[in-house]
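*Asks:* sequence first, then the predicted structure, then my questions.
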Amino acid sequence: MNRLRYLTAGESHGPELTAIVEGLPANLALEEHEINRDLARRQQGYGRGGRMQIETDQARILSGVRWGRTLGSPVTLSIRNRDWENWGRKMSPAADDFVEGIAITHPRPGHADLSGVIKYRQQDARNILERSSARETAARVAVGALCKKLLAELGVSVLGYVTEIGGVVADSVPEDYRERFALSEESPCRTFDGQAEQRMIEAIDRAREQGDSLGGVVEVAVLGAPVGLGSYVQWDRRLDGRLAWAMMSIQAFKGVEIGLGFEAARRPGSQVHDEIYYQADAFIRNTNRAGGLEGGMSNGAPIVVRGAMKPIPTLYRPLQTVDFRSKEAFAAVVERSDVCAVPAAAVVAEAVVAIEMAQALLEKFGGDAVEEVQQNLQAYRDYVKGV
Ligand SMILES: Cc1cc2nc3c(=O)[nH]c(=O)nc-3n(C[C@H](O)[C@H](O)[C@H](O)COP(=O)(O)O)c2cc1C
Ligand SMILES: C=C(O[C@@H]1CC(C(=O)O)=C[C@@H](OP(=O)(O)O)[C@H]1O)C(=O)O
């Protein structure tokens, strides 16, 4: 069975993050610097905290690639946590290194701390926050970079970008925005509307001054996907559902929309569905309110997915909480933190969508080598052209 699957491992302040990706076809050109470009994009963006000054994320390829090409075997990626060196015994796996008096017992509302200590029977919320931390998203972005390489070989591109921060909406999307940006190396951390970007920066500054945090909305566009990825025949084969799951799995994401999303619920059908025409030997639509997905399948139009990120749970002016040992009221723990990580989250969203798209393409056109996948896809594209 040719199935693309992956796992990540690693604590936020442990020695490294690791990812193992299985199911990539052989002969895919792959260099570390191509992964590092996306890792660097994830580290950018206004509103991030001190950690990004410490890290310069770089992926090392430890298996599955020889002389710049995948072998078809599992690819192992490793990303070092530079900050680990500052933690010493505090993050050591050795029992003898136990450090007295550093347990975190004031859980942050909105983070995994309280539910985690109860679930895993812990007395120190550090044992929870180390893995619930969005540091893990660096590993997913690295996996996404691999998948984007495969997608590029198949004529599919994916781009994530910010559309809203702290209620400031970038409200004018130029017609050709997605095409233009998907084809360029432009950083998606920038928004398309310079004025909105400035107001977003001001909103982040205000939140920082007030010890508060901000969330926002990111959008991911997929260009070049053929019609018919995913399926309606079983619930877990619906591509819309799989994309929504992937987006929702990003730390702090609380809502996902496809196409018009929630707006579709407010409009009559005549203003929601994309009418079908036949012109110049092709089926065409003049609108894409469905966001490229109908019946759990891609319909050939650009796929458009949005995700809502809640504000960062760690507040420098902390919220009320309770010491989970003594049950006394306290202010929540203040860990070093981002004020806003929406631009970084756009890069993560791009990665998780790329992974799902690569999976969907391999399911339909899978082969053991890239050339075989390309041939299968080309034969299908030729068939679609002739319909
Ligand atoms: C890129 C990124 C950076 C984040 N940075 C922080 C941070 O610095 N501090 C924090 O408390 N939460 C941060 N978060 C959010 C938490 O990881 C998230 O809220 C937490 O894991 C709880 O999960 P939940 O919000 O999905 O319920 C970040 C999330 C993302 C995607
Ligand atoms: C480390 C990253 O994000 C971290 C995500 C995060 C959280 O709670 O999710 C908390 C912070 O961790 P730290 O206390 O080490 O600064 C962020 O910096 C990263 O994005 O690479």
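*Replies:* The structure has been received and is ready for your questions. Ligands and ions are numbered 1, 2, ... in the order given.
*Asks:* from the chain's centre, how far out does stretch 291-299 sit?
*Replies:* Centroid displacement of stretch 291-299 relative to its chain, using CA atoms, centre = their mean, to the nearest Å, is 20 Å.
*Asks:* wait, does the lengthiest helix in the chain contact ligand 1?
*Replies:* Using DSSP state H, we find that the single longest helix of the chain is helix 342-365. Yes - using CB under 6 Å from any ligand atom, helix 342-365 reaches ligand 1 at 344, 345, 348. No exception for glycine: its C-beta is placed from N, CA and C like everyone else's.
*Asks:* and those residues, which is closest to residue 151?
*Replies:* Residue 151 has its nearest neighbour among the residues of helix 342-365 next to ligand 1 in residue 348, at 16.5 Å by CB to CB.
*Asks:* with adjacent residues omitted, what lies nearest to the closest one?
*Replies:* Sequence neighbours aside, residue 137 is the residue nearest to residue 348 in space, at 4.4 Å (criterion: CB to CB, 6 or more residues apart in numbering).
*Asks:* just residue 227 next, same as before
*Replies:* What sits nearest to residue 227 in space, not counting adjacent residues and going by CB to CB, 6+ apart, is residue 300, at 3.9 Å.
*Asks:* now the one you found, what's its secondary structure?
*Replies:* coil (DSSP: H, G, I helix; E, B strand; the rest coil).
*Asks:* what does residue 207 give?
*Replies:* Under three-state DSSP, the three-state class of residue 207 is helix.
*Asks:* quick check: it touching residue 168?
*Replies:* No - here residue 207 lies out of contact with residue 168, judged by CB atoms under 8 Å, at a distance of 11.4 Å.
*Asks:* ok so, going back, next SSE after the longest helix of the chain?
*Replies:* As assigned by DSSP states H and E, the chain's next helix or strand after helix 342-365 is helix 370-385.
*Asks:* contacting residues for the closest residue to ligand 1 within the stretch 1-150 of the chain?
*Replies:* Taking CB to the nearest ligand atom, ligand 1 has its nearest neighbour within the stretch 1-150 of the chain at residue 134, 3.3 Å off. Taking CB atoms under 8 Å, 6 or more residues apart in numbering, we find residue 134 in contact with 250, 251, 252, 341, 348.
*Asks:* scan the residues of helix 342-365 next to ligand 1 and report the most crowded one.
*Replies:* Within these, neighbour counts (other CB atoms under 10 Å) peak at residue 348, which reaches 29 neighbours.
*Asks:* how near is that residue to residue 307?
*Replies:* Per CB to CB, to the nearest Å, residue 348 is found 9 Å from residue 307.
*Asks:* list the residues that contact both of these two?
*Replies:* residue 250.
*Asks:* show the average pLDDT along stretch 208-223.
*Replies:* Regarding stretch 208-223, the rounded mean pLDDT is 95.
*Asks:* that one near ligand 2 at all?
*Replies:* No - judged by CB under 6 Å from any ligand atom, stretch 208-223 makes no contact with ligand 2; its nearest approach is 11.1 Å.
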